[in-house]
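Visitor: Mind looking at a prediction? Sequence and model below.
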Amino acid sequence: MTEEPPGGSPSEPSLAWLIVKGLLMVLAAFFSANVILVLHTPAGH
Amino acid sequence: MRRFRYCLDPVFLTAAALYLVNRWLLKPLESHAGFFHAYGNDLLCIPFCLPPCLWVYRRIRLRDHDRMPTCLELLTHLVVWSIYFEAVAPRLGGPFAWTVGDPWDAVAYAVGGAVAAAAWGTFRARRPVPAPAPAVSAAREAHS
């Protein structure tokens, strides 16, 4: 995701770019949640 | 602008130290119904788990900067993790059968996240990059 957001500079991202980034973050958070639960054993809880 | 140091970040290191204190000192001292037993780890969820995640995102180029965690990064993880840990995982069973849904855990995530965000300056307005001073610009033009 290093390319410039379409339709705007990095300092002023467009609404569409923010929505795409938000969805990517949601997806990443979902995958990381699974990793955290697998790594986090009940003994440590 | 301060550069985020991921797993060397002071907030992460403090959370890691507090996790060990909670795990080995506070929890053994109190019953299963005690505050630290129930919510100690949950308070540390965002400051402890978010920096390593952001480090991975940086490596896979999902994150394109080394600034402090942004509002978007913090809020999406807070919301997704709260829903997943407290509402979804307890219903999945299998490897997640040990999880128990508790709405107060989500409150603890939010409180821990708010403290971490305050330390990271997440909700502070980002200052625009200042334009070069006119004298400097004039000097550059004279040289070119």
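Guide: Everything's here; your move. Residues are numbered from 1 along each chain as shown, chains lettered A, B, ... in the order given.
Visitor: where in the chain is pLDDT low?
Guide: Let's take chain A. Applying pLDDT under 70 to chain A picks out residues A:1-11, A:42-45.
Visitor: that's the wrong chain, I meant chain B
Guide: Across chain B, the ranges flagged by pLDDT under 70 are B:1, B:32, B:126-144.
Visitor: Swap in 80 and give it another go.
Guide: Applying pLDDT under 80 to chain B flags residues B:1, B:30-33, B:125-144.
Visitor: Buried residues in stretch B:114-130, which are they?
Guide: If you call a residue buried by 16 or more other Cβ atoms under 10 Å in any protein chain shown, then stretch B:114-130 has these buried ones: B:115-117, B:120, B:122. C-beta coordinates here come from the backbone N, C-alpha and C atoms, glycine included.
Visitor: how about CSV for these, with secondary structure and distance to chain A added?
Guide: Listed next are these as CSV, based on DSSP: H, G, I helix; E, B strand; the rest coil; distance: Cβ to the nearest Cβ, whole Å:
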residue, secondary structure, distance to chain A
B:115, helix, 19
B:116, helix, 15
B:117, helix, 15
B:120, helix, 16
B:122, coil, 14
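Visitor: Can you tell me which of the residues you listed is nearest residue B:10?
Guide: Using Cβ to Cβ, residue B:120 comes nearest to residue B:10 of the buried residues of stretch B:114-130, at 9.8 Å.
Visitor: Next, work out how far apart that closest one and residue B:12 are.
Guide: 10 Å (Cβ to Cβ, to the nearest Å).
Visitor: cool, and residue A:39?
Guide: 16 Å.
Visitor: host element of residue B:37?
Guide: Here residue B:37 is covered by helix B:35-43, with elements defined by DSSP states H and E.
Visitor: ugh, wrong one, I meant residue B:81
Guide: helix B:71-83.
Visitor: CA atoms only: put that helix into PDB for me.
Guide: The C-alpha trace of helix B:71-83 is given here as PDB (Å, rounded to 0.1, in the frame of the first residue of the first chain):
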ATOM      1  CA  CYS B  71      -7.000   6.700  15.000                       C
ATOM      2  CA  LEU B  72      -8.000   4.300  12.200                       C
ATOM      3  CA  GLU B  73      -5.600   1.600  13.300                       C
ATOM      4  CA  LEU B  74      -6.500   1.900  16.900                       C
ATOM      5  CA  LEU B  75     -10.300   2.100  16.500                       C
ATOM      6  CA  THR B  76     -10.600  -0.700  13.900                       C
ATOM      7  CA  HIS B  77      -8.600  -3.100  16.100                       C
ATOM      8  CA  LEU B  78     -10.500  -2.100  19.300                       C
ATOM      9  CA  VAL B  79     -13.900  -2.700  17.600                       C
ATOM     10  CA  VAL B  80     -12.900  -5.900  15.700                       C
ATOM     11  CA  TRP B  81     -11.100  -7.400  18.700                       C
ATOM     12  CA  SER B  82     -13.900  -6.600  21.100                       C
ATOM     13  CA  ILE B  83     -16.500  -8.200  18.900                       C
END
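Visitor: list the buried ones in it?
Guide: By neighbour count on 16+ other Cβ under 10 Å, the buried set for helix B:71-83 is B:73-78, B:80-82.
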